[in-house]
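1. Sharing a sequence plus its predicted fold:
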Amino acid sequence: MTYKAVIFDLDGTLVNTLQDIAESVNFALRKYQLPVHPVESYRLKVGNGNKVLVQRSLPPEKQHLAEPILKIQMDYYAEHFCDYSQPYPHIPELLTELKTLGLKLAVLSNKPDRFMLPLVGKMFTQGVFDRIQGQTEGIPLKPDPAFALAIAFDLQVAPEQMVYVGDTGVDMQTATRAGMFAVGATWGFRDRDELLQNGAQALIDQPGQLVSLLQNES
């Protein structure tokens, strides 16, 4: 097989975390008696890290409250990150099949790193991922390719032998900038047009299609 490793985005790609994210932000907004938002509206707010998530959820005249609301949101999320979140259908089976084929697997997210191990540990079998990485102080967020390239280095796989699977334009830009094969997951938080406009080289509508795609690319 041409490809030796796969990096997955987390939210909207491996796990449907939308309601838990929405609940955490809405909880913080209520603390300041600010308008809350429907769960589905958060599809367009996520993807660029928690700080931007909060900023997108605040009215323009309330942006000065971003920092205190962010703290409340993160504290709430730390206690409630698995109230509703579940892996998307057939994702666990996909990961097992990819491991059986000998591919190395990683997760890269703009979610704060302190949430990554607990969430991934709750959702998936221990040891299925060779590397789990979230947002870390001092390292730029996606779409900067720094962490994607660091994962390639750690896994000892050339970027051109890696597949990057994600559900947002940010993910497709990250893959492109890192020189990886960009695969858009259409079951996630954004639509096909966004994925294609940001560099998706292939789209998959179901997790199982990834294996066929990789075998055909070999």
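-> Yes, it's here.

2. Please, where are all the strands along this protein?
-> 5-8, 15-16, 86-87, 104-112, 131-135, 162-166, 181-185, 202-204 (DSSP state E).

3. Which of those sits closest to M172?
-> Among those, the nearest to M172 by CB to CB is strand 181-185 (4.8 Å). Every residue, glycine included, has its C-beta placed from N, CA and C.

4. chain center to the closest one, what's the gap?
-> Here the centre of strand 181-185 is set off from its chain's centre by 12 Å, with CA atoms, centre = their mean, to the nearest Å.

5. partners of it in the sheet?
-> strand 162-166 (parallel), strand 202-204 (parallel) (DSSP bridges).

6. Quick one: work out the angle between the longest one and strand 104-112.
-> An angle of 40 degrees separates the directions of strand 162-166 and strand 104-112 when computed by axes from the mean of the first three to the mean of the last three CA atoms, to 10 degrees.

7. With just CA atoms, put strand 162-166 into CSV.
-> In CSV, the C-alpha atoms belonging to strand 162-166 read as follows (Å, rounded to 0.1, in the frame of the first residue of the first chain):
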residue,chain,number,x,y,z
MET,A,162,0.3,9.9,4.9
VAL,A,163,-3.4,10.4,4.6
TYR,A,164,-5.2,13.2,6.5
VAL,A,165,-8.9,12.7,7.1
GLY,A,166,-11.1,15.5,8.3
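
8. What lies in contact with that strand?
-> 3-9, 12-13, 148, 152, 155, 171-172, 174-175, 178, 180-185, 188, 204, 210, 214 (CB atoms under 8 Å, 6 or more residues apart in numbering).

9. let's see it at 6 Å
-> Strand 162-166 is contacted from outside by 3, 5-9, 13, 152, 175, 180-183, 185, using CB atoms under 6 Å, 6 or more residues apart in numbering.

10. Among the strands of the chain, show me which one is buried the most.
-> Stretch with highest mean neighbour count among the strands of the chain: strand 162-166 (a mean of 27; mean count of other CB atoms under 10 Å).

11. if we can go back for a sec, farthest-apart pair in the contacts of strand 162-166, please.
-> A152 and A185 (20.0 Å).

12. I'd like to know which of the strands of the chain is closest to R56.
-> strand 104-112 (13.1 Å).

13. Report all helices and strands that that closest one contacts.
-> strand 5-8, strand 131-135, helix 146-155 (3 or more CB pairs under 6 Å, 6 or more residues apart in numbering; DSSP states H and E).

14. The worst-scoring helix or strand of the chain on mean pLDDT to strand 162-166, inter-axis angle?
-> Lowest on mean pLDDT, DSSP states H and E among the helices and strands of the chain sits helix 209-217, with a mean of 92. Counting by the same axes, to 10 degrees, helix 209-217 lies at 150 degrees to strand 162-166.

15. picking up where we left off before, can you lay out the helices and strands packed on strand 104-112 as JSON lines showing distance to H90 and mean pLDDT?
-> Converted to JSON lines, those look like this (distance: least, CB to CB, whole Å; pLDDT from 0 to 100):
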{"stretch": "strand 5-8", "distance to H90": "14", "mean pLDDT": "98"}
{"stretch": "strand 131-135", "distance to H90": "21", "mean pLDDT": "96"}
{"stretch": "helix 146-155", "distance to H90": "24", "mean pLDDT": "97"}
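
16. In JSON lines, list the ones you listed along with distance to L195.
-> Converted to JSON lines, those look like this (distance: least, CB to CB, whole Å):
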{"stretch": "strand 5-8", "distance to L195": "15"}
{"stretch": "strand 131-135", "distance to L195": "22"}
{"stretch": "helix 146-155", "distance to L195": "17"}
